[in-house]
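Trainee: Sequence plus the predicted model coming up.
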Amino acid sequence: MEWNGTSKLFSELFLPILKPDGTALERVYLYCISKKVDGSVYVKVGEGTRSQKRLGDAQTYLVPGKGTNRGFKVHRLFFWPLSPYRAEYSTLIEKECHKHLRKEFPAYTIEFASGNKSEWYKPRSIPAFLK
């Protein structure tokens with residue numbers, strides 16, 4: 001789906017799941033999004049916890065772009081329950097994904113004013129990237 005940072009279309013996906021005993025099952029997630037920058041399509045894989053805030057924050061939708069280029073396309077969302085261990089499943093999986101992606105696809109690294117870097121990949125084909 002196309003998302004301009006304000007859509008609430010799938011906000012219910014990020015709500016905790018209520019167990020039969022009334023307790024909430026919190027979840028973490030991995031996302032795969034794409035964005036057009038300077039006429040080329042770049043893809044980002046990242047992780048978030050508990051809410052859609054991470055998906056919609058400045059490290060994703062405020063990457064250069066105004067007007068129709070402000071938003072991005074959400075390709076995949078993967079959810080896991082919170083880990084009982086120190087590291088979240090989504091964190092470990094994201095790190096492994098980036099190891100593989102850096103080998104397979106050229107990276108376009110954007111450095112924000114904060115000094116933080118964000119990796120966006122430039123695949124020849126989005127379907128091949130998603131596969």
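Mentor: Right, received. Where do you want to start?

Trainee: Burial check on Arg54, number of neighbours?
Mentor: 18 (other C-beta atoms under 10 Å). C-beta coordinates here come from the backbone N, C-alpha and C atoms, glycine included.

Trainee: which stretches of the chain aren't confidently modelled?
Mentor: In the predicted model, the chain carries pLDDT under 70 at residues 1-10, 53, 56-70, 106-113, 115-118.

Trainee: where along it do the strands fall?
Mentor: Assigned by DSSP state E, the strands in the chain fall at 2-3, 17-18, 24-25, 27-37, 40-49, 72-81, 107-111, 117-121.

Trainee: Need the ones you listed in JSON lines (columns: distance to Lys95).
Mentor: Shown next, in JSON lines, are the strands of the chain (distance: least, C-beta to C-beta, whole Å):
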{"stretch": "strand 2-3", "distance to Lys95": "25"}
{"stretch": "strand 17-18", "distance to Lys95": "26"}
{"stretch": "strand 24-25", "distance to Lys95": "24"}
{"stretch": "strand 27-37", "distance to Lys95": "11"}
{"stretch": "strand 40-49", "distance to Lys95": "9"}
{"stretch": "strand 72-81", "distance to Lys95": "14"}
{"stretch": "strand 107-111", "distance to Lys95": "15"}
{"stretch": "strand 117-121", "distance to Lys95": "12"}
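
Trainee: Turn the ones you listed into a markdown table, including distance to His100 and mean neighbour count.
Mentor: Converted to a markdown table, the strands of the chain look like this (distance: least, C-beta to C-beta, whole Å; neighbours: other C-beta atoms under 10 Å):
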| stretch | distance to His100 | mean neighbour count |
| --- | --- | --- |
| strand 2-3 | 25 | 14 |
| strand 17-18 | 30 | 10 |
| strand 24-25 | 29 | 10 |
| strand 27-37 | 13 | 19 |
| strand 40-49 | 10 | 19 |
| strand 72-81 | 15 | 16 |
| strand 107-111 | 12 | 12 |
| strand 117-121 | 11 | 17 |
